[in-house]
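Peer 1: kindly generate the corresponding structure for this input.
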Amino acid sequence: MRGLAIGAAGALLVATRGHGGHANANGFFTPHAFGILFATLSAIANGTFAVFSKIDSVKRAAVDPLLFNFWACVGIVGSSLVSLVRVRFIWTPQGLLSGIFFALSTANAFRAVKLIGMSVGTGIWCGTAIIGGVTWAGHVGRESIGIEENIVLLVSQRRAGGRGVKVLSQGVIAALLTGVLGGLIMMPMTQSPPAIQGVSYLPSFAIGVAIFAPVVTAIPYLSTQECPRMELYVGALPGIISGIVWNIGNILSMLAIGIIGYTIAYPILYCGIFIAGLWGMFLFKEIRGNAAALYWGSGFLILTGIILLSFAR
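Peer 2: Residues are numbered from 1 along each chain as shown. Predicted structure coming up:
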């Protein structure tokens, strides 16, 4: 974590400087600095939420990623509705799109983590989402996504066995879909009226997740005529915490985007790849030997990129 702290501190230092390179009179307390800070904290949450699907109790019980995703969606819905304490409820149908993008994205995320690990899975989906996010920023309204194909993938591969190339390919596909869909989760919000953007969007988003999470979970089981084990005692609490952590990162990303803009914020937000790598290296022992040196080298490039991005105004 020390490398991340140094990089974040460097980004904040750069963010406090004016265009001429002199320190701002307000020191570190500038809107741009807070935007960088919120984006960095969001990246930490983004690189952490999937960790809960790999804790020992969940692994021992072999909790289905779809069911873990269902409980994560419960956490999303609950934590989003809390916003009603501070904001007035205004419905927007764009929340339905965000809801289905989220349910499908995280279902694939937990599957990818199970098949190919935190480090590789997060690396693939963060890279994919960065490209999608930056592309969206320049070409709003031109996204296209095969939701039906993604549902077919979840149905046909939920119980796929085997190892080696087959497992790797399934994990990579799931991670790619996670990135594509994950980069689209909050895109519909940008097409909502200004009064419903930001935290005010959360209740509509929660309704979308509440509607589509059971659907995404049920379709594969209906196709196999199996009764799912809800894993109430093993999967519920870690899944709900996972959803809450994701939503904390989501709220921080909204704040960051509102301050420093989409194109600058999004690459920083998806530096969660570095955080996920730390979890994979130290907690799950996924990165060893020469791969560790490559990881630290790429981490240095990521943190350098954060500092350079803070120059973009």
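Peer 1: would you state the helices of this structure in chain order?
Peer 2: Per DSSP state H, the chain carries helices over the ranges 2-15, 31-46, 56-60, 65-81, 94-138, 147-157, 164-182, 202-224, 236-260, 262-269, 272-282, 290-309.
Peer 1: so for Gln191, which of the ones you listed sits nearest?
Peer 2: Minimum separation from Gln191 across those (C-beta to C-beta) falls at helix 94-138, 5.8 Å. Where C-beta positions appear, they are placed from N, C-alpha and C, glycine not excepted.
Peer 1: packing partners of the closest one?
Peer 2: Contacts defined by 3 or more C-beta pairs under 8 Å, 6 or more residues apart in numbering; DSSP states H and E place helix 94-138 against helix 65-81, helix 147-157, helix 164-182, helix 202-224, helix 262-269, helix 272-282.
Peer 1: residues contacting Val234?
Peer 2: Listed by C-beta atoms under 8 Å, 6 or more residues apart in numbering, the contact partners of Val234 are Ser57, Val58, Ala61, Val63.
Peer 1: swap in Val74?
Peer 2: For Val74, the contact set (C-beta under 8 Å, 6+ apart) comprises Ala213, Ala236, Gly239, Ile240, Gly243.
Peer 1: pull the contacting residues for Val215.
Peer 2: Taking C-beta under 8 Å, 6+ apart, one finds Ala103 in contact with Val215.
Peer 1: nope, Ala72 is what I meant
Peer 2: So Ala72 contacts Phe49, Thr106, Phe110, Gly239, Ile240, Ser242, Gly243, Trp246 (C-beta under 8 Å, 6+ apart).
Peer 1: repeat that for 10 Å
Peer 2: 49-50, 52-53, 65, 102-103, 106-107, 109-110, 209, 213, 235, 238-247 (C-beta atoms under 10 Å, 6 or more residues apart in numbering).
Peer 1: for Pro65, same thing?
Peer 2: The contact partners of Pro65, by C-beta under 10 Å, 6+ apart, come to 53, 58, 72, 106-115, 154, 158, 174.
Peer 1: which one (most neighbours) among these?
Peer 2: Neighbour counts for those, by other C-beta atoms under 10 Å, peak at Ala72, which reaches 34 neighbours.
Peer 1: with adjacent residues omitted, what lies nearest to the most centrally placed residue in the chain?
Peer 2: Per C-alpha atoms, centre = their mean, the C-alpha nearest to the average position across the chain is that of Asn46, at 4.6 Å. What sits nearest to Asn46 in space, not counting adjacent residues and going by C-beta to C-beta, 6 or more residues apart in numbering, is Gly272, at 3.2 Å.
Peer 1: quick revisit: and the contacts of Pro65, which is the shakiest by pLDDT?
Peer 2: In terms of pLDDT, Leu154 ranks lowest among the contacts of Pro65, with 40.
Peer 1: dump the contacts of Val74 into JSON lines; add neighbour count and distance to Ser223 as well.
Peer 2: Conversion of those to JSON lines gives the following (neighbours: other C-beta atoms under 10 Å; distance: C-beta to C-beta, whole Å):
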{"residue": "Ala213", "neighbour count": "27", "distance to Ser223": "17"}
{"residue": "Ala236", "neighbour count": "18", "distance to Ser223": "24"}
{"residue": "Gly239", "neighbour count": "26", "distance to Ser223": "22"}
{"residue": "Ile240", "neighbour count": "20", "distance to Ser223": "26"}
{"residue": "Gly243", "neighbour count": "29", "distance to Ser223": "25"}
